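Colleague: Here is a sequence together with a model predicted from it:
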Amino acid sequence: MFALPFMRNAFLASTFIAITCGTVGVYVVARNFSFLAHTLSEIGFAGAAFAVWLGIDPLWGMLLFTLLGSISVGELSLHSEQKESSISAISALFIGLGVLFLAISGANSNYATNILFGSIIGVDRQGVIQLVGLSVIVLLLIFAIQRQLNFDSFDHIGALAHGVKTGVVSLIFLIALAMSVSVGAQIVGSLLVFILLTLPPATANYLGKTVGSMIAWSVFFALLGVWLGLYLGFITNLPVTFFIAVIEVFIYLVTYFTHLIRHNL
Amino acid sequence: MTDILEVNNLGMRFDKREVFTDLSFKLKAGSMTALLGPNGAGKTTLINILMKMLVPTSGTFRFAQGVRLGYVPQFRNIDAEYPLSIEAFIALNTPVIKTGKVKQAIKTQLEETNLYPIRNTRMGEASGGQKQRAYLAQALLDNPNVIILDEATASLDPVAKDELMSLIQHLNEKHQMTVLFVTHDVPLARKYMKDYLYLNNGTIEQGKMVQFEEAYE
């Protein structure tokens, strides 16, 4: 399997993506941003379609849209009282735009499928370098603000009481989140990138008791999902995204029910 | 004893609602004061101003030099599914990479608040009293010499209330910590506090807790 260059690229890219999404995801879940991660995937789809229409690399269109979307939706969800309906309105608008850009760019439906459902097998050498670079930037961003981010995400009121600049922390995190959505979408597709950002950390919530151990569990499950998914995709020739989704859901459900049973005995 | 806080003619209004107009009082070092008053009198607003989380419309206040403030807010978002252990929750107020000195400080506060034996219990599964002591321990990590607690006993059963109040009394007596305790529980304040500040109808009164008039209750 590793004799094939595209499989080596796929494994390298997805390893970094899993580490990034697994780490960022812990904060997505702690900050109750799962809904936002979902919306950003849709905004990312529109961005990729926009890039296709312009004739540039879909990754850049995705980055542009998710960065703008993340900051505006993030601000909206922090300040608006109509949080859920305003986020729904924004996702509707962006999915509509995505469909429009795809239609007017004349791209074939295969291209749309790749954006929506991922195409890890198609990542080339240059693509790998981009994804690894972006992943490292995200991890450095998180690392730079980790103390404040931990405090604000796991105890917002306590952080405010201790004078943590929660607005700045939130902004930097939203940037990191937007970048993770863009890189994650390259492997599982924009429609399902929220899988990697929410399921491994949600599982980790039941297993870890410190921020560090939660990140370790979350990254572990994200890695398990993408590695196993790639392997199964390789031997069965079925979509990798399908396997990743099934594996992550399975792990989550097993942990969830184990937790329920333990606590009701 | 020296004053650690001096408040002069403090006023606060939100839009058209006047919360208070002209509050003046002082707090002495090592005092143990209950901030009393009915719901909506502006107790939390006053605390938020003192914590610099709100800017007053008029007036001034000044903490003495060398004052290190600790603050335990009224509400927290800790639900039953909250994952972090009591120790990890308290340690949120420390650097991510912990030196031996920081670890020792965390241990000291866990012991001080009687949480050391249950430090690995998840916060989501801790009782109301244990949570309140964890909030206090987190604030104590800043090594404050003045601590402000906002309605810390509001949702606790009588046993947990006494446990927390004894702890606060211990901090005051053994560590000479100045305590400002916001509450509307007059009997509890009478039992544990020495002085009172009574905030009502936009004015404030100060006195000894034993002389606090029944008429206010």
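Modeller: Now that the structure is in, tell me what you want to look at.

Colleague: most residues in a single helix of chain B, which one?
Modeller: Secondary structure of chain B per DSSP state H: the longest helix is helix B:158-174.

Colleague: Could you list every helix and strand in contact with that one?
Modeller: For helix B:158-174, the packing partners by 3 or more CB pairs under 8 Å, 6 or more residues apart in numbering or on different chains; DSSP states H and E come out as strand B:32-36, helix B:128-140, strand B:146-150, strand B:178-182, helix B:186-192. For glycine as for every other residue, the C-beta is placed from the backbone atoms N, C-alpha and C.

Colleague: And those, which one averages the lowest pLDDT?
Modeller: Mean pLDDT across the helices and strands packed on helix B:158-174 is lowest at helix B:186-192; the value there is a mean of 90.

Colleague: which residues in chain A form helices?
Modeller: For chain A, helices defined by DSSP H occupy the ranges A:5-30, A:34-54, A:58-79, A:83-105, A:109-117, A:125-144, A:146-154, A:156-161, A:166-188, A:193-207, A:211-236, A:240-264.

Colleague: Contact partners for residue 58?
Modeller: Using chain A here. A:Gly47, A:Ala48, A:Ala49, A:Ala51, A:Val52, A:Ile115 (CB atoms under 8 Å, 6 or more residues apart in numbering or on different chains).

Colleague: The chain in question should be chain B.
Modeller: Applying CB under 8 Å, 6+ apart, we find B:Ser58 in contact with B:Asn9, B:Leu10, B:Gly11, B:Thr21.

Colleague: And it, its phi and psi?
Modeller: B:Ser58 adopts backbone torsions of phi -150, psi 170, taken as degrees, to the nearest 10.

Colleague: Okay, buried residues for the longest helix of chain B please.
Modeller: B:Ala160, B:Lys161, B:Asp162, B:Glu163, B:Leu164, B:Met165, B:Leu167, B:Ile168, B:Gln169, B:Leu171, B:Asn172 (16 or more other CB atoms under 10 Å in any protein chain shown).

Colleague: quick one, that helix and strand B:32-36 angle?
Modeller: Helix B:158-174 runs at 140 degrees relative to strand B:32-36, counting by axes from the mean of the first three to the mean of the last three CA atoms, to 10 degrees.

Colleague: tell me the mean pLDDT for helix B:158-174?
Modeller: On average, the pLDDT along helix B:158-174 is 92.

Colleague: quick one, which of the helices and strands packed on helix B:158-174 is nearest to chain A?
Modeller: Evaluated over the helices and strands packed on helix B:158-174, closeness to chain A peaks at helix B:128-140, with 6.1 Å, by CB to the nearest CB.

Colleague: Who are the packing partners of that closest one?
Modeller: Using 3+ CB pairs under 8 Å, 6+ apart, helix B:128-140 sits against helix A:156-161, strand B:69-72, helix B:86-90, helix B:100-112, strand B:146-150, helix B:158-174.

Colleague: With just CA atoms, put that helix into CSV.
Modeller: Written as CSV, here are the backbone C-alpha positions of helix B:128-140 (Å, rounded to 0.1, in the frame of the first residue of the first chain):
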residue,chain,number,x,y,z
GLY,B,128,-22.8,21.9,45.0
GLY,B,129,-20.6,22.4,48.1
GLN,B,130,-17.6,20.7,46.5
LYS,B,131,-18.0,22.9,43.4
GLN,B,132,-18.2,26.1,45.5
ARG,B,133,-15.0,25.0,47.3
ALA,B,134,-13.3,24.3,44.0
TYR,B,135,-14.3,27.8,42.7
LEU,B,136,-12.8,29.2,45.9
ALA,B,137,-9.6,27.1,45.5
GLN,B,138,-9.2,28.4,42.0
ALA,B,139,-9.4,32.0,43.2
LEU,B,140,-7.0,31.2,46.1
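
Colleague: Which residues does that helix contact?
Modeller: The contact list for helix B:128-140 (CB under 8 Å, 6+ apart) reads A:155, A:158, A:161, B:70-73, B:76, B:78, B:86, B:89-90, B:92-93, B:109-110, B:112-115, B:118, B:121, B:123, B:126, B:147, B:149, B:152-153, B:155-157, B:159-161, B:163-164, B:167-168, B:171.

Colleague: So which bits of chain A are right by chain B?
Modeller: A:146-147, A:150-151, A:154-163, A:205-206, A:208-211, A:214 (CB under 8 Å from any CB of the partner chain).

Colleague: In ChimeraX, how would I select the buried members of those residues?
Modeller: Buried subset of the residues of chain A next to chain B, written as a ChimeraX selection, criterion 16+ other CB under 10 Å:
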select /A:146,147,150,151,154,155,156,157,158,159,160,161,162,205,206,208,209,210,211,214
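
Colleague: that older thread, adding distance to A:Val226, write the buried residues of helix B:158-174 out as a markdown table.
Modeller: Listed next are the buried residues of helix B:158-174 as a markdown table, based on distance: CB to CB, whole Å:
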| residue | distance to A:Val226 |
| --- | --- |
| B:Ala160 | 46 |
| B:Lys161 | 51 |
| B:Asp162 | 53 |
| B:Glu163 | 49 |
| B:Leu164 | 47 |
| B:Met165 | 53 |
| B:Leu167 | 48 |
| B:Ile168 | 51 |
| B:Gln169 | 55 |
| B:Leu171 | 50 |
| B:Asn172 | 55 |
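
Colleague: how far away is the spatially most central residue of chain B from B:Phe14?
Modeller: Closest residue to the average C-alpha location of chain B: B:Leu149 at 1.2 Å, with CA atoms, centre = their mean. From B:Leu149 over to B:Phe14 the distance is 24 Å, taken as CB to CB, to the nearest Å.

Colleague: what residues are up against residue 201?
Modeller: As the question left the chain open, I've gone with chain A. Residues near A:Pro201 by CB under 8 Å, 6+ apart: A:Gly22, A:Gly25, A:Val26, A:Val28, A:Val29, A:Ala30, A:Met214, A:Ser218.

Colleague: Switch to chain B, please.
Modeller: Here B:Asn201 is in contact with B:Ala41 (CB under 8 Å, 6+ apart).

Colleague: next one: phi and psi at it?
Modeller: The phi/psi pair for B:Asn201 (degrees, to the nearest 10) reads phi 50, psi 40.

Colleague: Buried residues in the worst-scoring helix or strand of chain A on mean pLDDT, which are they?
Modeller: One helix or strand of chain A scores below all others by mean pLDDT, DSSP states H and E: helix A:109-117, with a mean of 73. Under the neighbour-count criterion of 16+ other CB under 10 Å, helix A:109-117 has A:Tyr111, A:Ala112, A:Asn114, A:Ile115, A:Leu116, A:Phe117 buried.

Colleague: Then stretch A:123-135?
Modeller: Per 16+ other CB under 10 Å, stretch A:123-135 contains these buried residues: A:Val123, A:Gly127, A:Val128, A:Gln130, A:Leu131, A:Val132, A:Leu134, A:Ser135.
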